[in-house]
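>>> quick one, fold the following:
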Amino acid sequence: MAWLCTCLIALNFAGYKLENRTWAAKSPEEKESVARRKAAIQESFRRELALLVDVPKQGAGNTDDGNAARKFFSNASITSRITGVNEEFIERMDVILRAIACPYEIDVTAFRRYSLETARLYQSLYSWFYMPPSVHKILIHGADMISASPLPIGTYKIVFFQSEGEYPLPPTV
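Below you'll find the predicted structure:
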């Protein structure tokens, strides 16, 4: 779930900075542009998907949790329109994240090819936006993590839930 949330945050941040096409907003104009886009993106998500993104929670953390991330990725066309992030890239990240969470065996060769194609798509679209380490780990090293794991990665999540007394519904992949 942590990967899901960090990917949500990374794509949101890319959307915030899309107008300037720079990693860091340095000038007052760039900072104002990022703040304006962030407010517009947050309001659009709230209005269209009833989704609060990147809003601080009282106590600690923010609203970017697993539920928000699932809604974010499962509505790729709306998310793309709101953030300006490429719809194909959002859809591909959704497929990759679902595959990693799947409790079934994954074809590592196909996963490697698909994730590397997604990484190339990211570089072609957002070369100005540094790939966050968690996104890099999933896209570049995800196949290695899958092949090194004695069980499918998604089964660890189920074992954890079962040890906690919770039994999730069977996954739909």
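>>> where in the chain is pLDDT low?
1-5, 20, 64, 151-173 (pLDDT under 70).
>>> would you list every one of the helices in this protein?
In the chain, the helices defined using DSSP state H lie at 2-16, 28-49, 66-74, 76-83, 87-101, 108-126, 133-148, 153-163.
>>> most neighbours per residue, which of these?
helix 2-16 (a mean of 21; mean count of other Cβ atoms under 10 Å). C-beta here means a position set from N, CA and C on the backbone, and glycine is covered the same way.
>>> that one to helix 87-101, inter-axis angle?
170 degrees (axes from the mean of the first three to the mean of the last three Cα atoms, to 10 degrees).
>>> now the angle from helix 2-16 to helix 28-49?
Using the same axes, to 10 degrees, the inter-axis angle of helix 2-16 relative to helix 28-49 is 120 degrees.
>>> now do helix 2-16 and helix 76-83, the angle between them.
Using the same axes, to 10 degrees: helix 2-16 against helix 76-83 is 40 degrees.
>>> how about the contacts made by Arg92?
The contact partners of Arg92, taken as Cβ atoms under 8 Å, 6 or more residues apart in numbering, are 114, 117-118, 121.
>>> hmm, 7 Å instead?
By Cβ atoms under 7 Å, 6 or more residues apart in numbering, the residues touching Arg92 are 118, 121.
>>> ok, the residue positioned nearest the centre of the chain to Arg70 distance?
Compute the mean C-alpha point of the chain, and by Cα atoms, centre = their mean the closest residue is Cys7, 2.4 Å away. Distance of Cys7 to Arg70, given as Cβ to Cβ, to the nearest Å: 11 Å.
>>> looks like Thr79 contacts Glu88 (just checking).
No. Using Cβ atoms under 7 Å, Thr79 makes no contact with Glu88, being 12.0 Å away.
>>> between the two, what contacts are shared?
In contact with both Thr79 and Glu88: no residue, using Cβ under 7 Å, 6+ apart.
>>> got a list of what Phe72 touches?
By Cβ under 7 Å, 6+ apart, the neighbours of Phe72 are 8, 51, 79.
>>> now with 10 Å, please.
4-5, 7-9, 11-12, 45, 49, 51, 53, 64, 78-79, 82-83, 90, 93-94 (Cβ atoms under 10 Å, 6 or more residues apart in numbering).
>>> so how far is Leu97 from it?
In terms of Cβ to Cβ, Phe72 sits 11 Å off from Leu97.
>>> can you check Leu121 too?
Counting by Cβ to Cβ, the gap from Leu121 to Leu97 is 15 Å.
>>> isn't Phe111 right next to Arg98, touching?
No. Counting by Cβ atoms under 10 Å, Phe111 stays clear of Arg98, with 11.4 Å between them.
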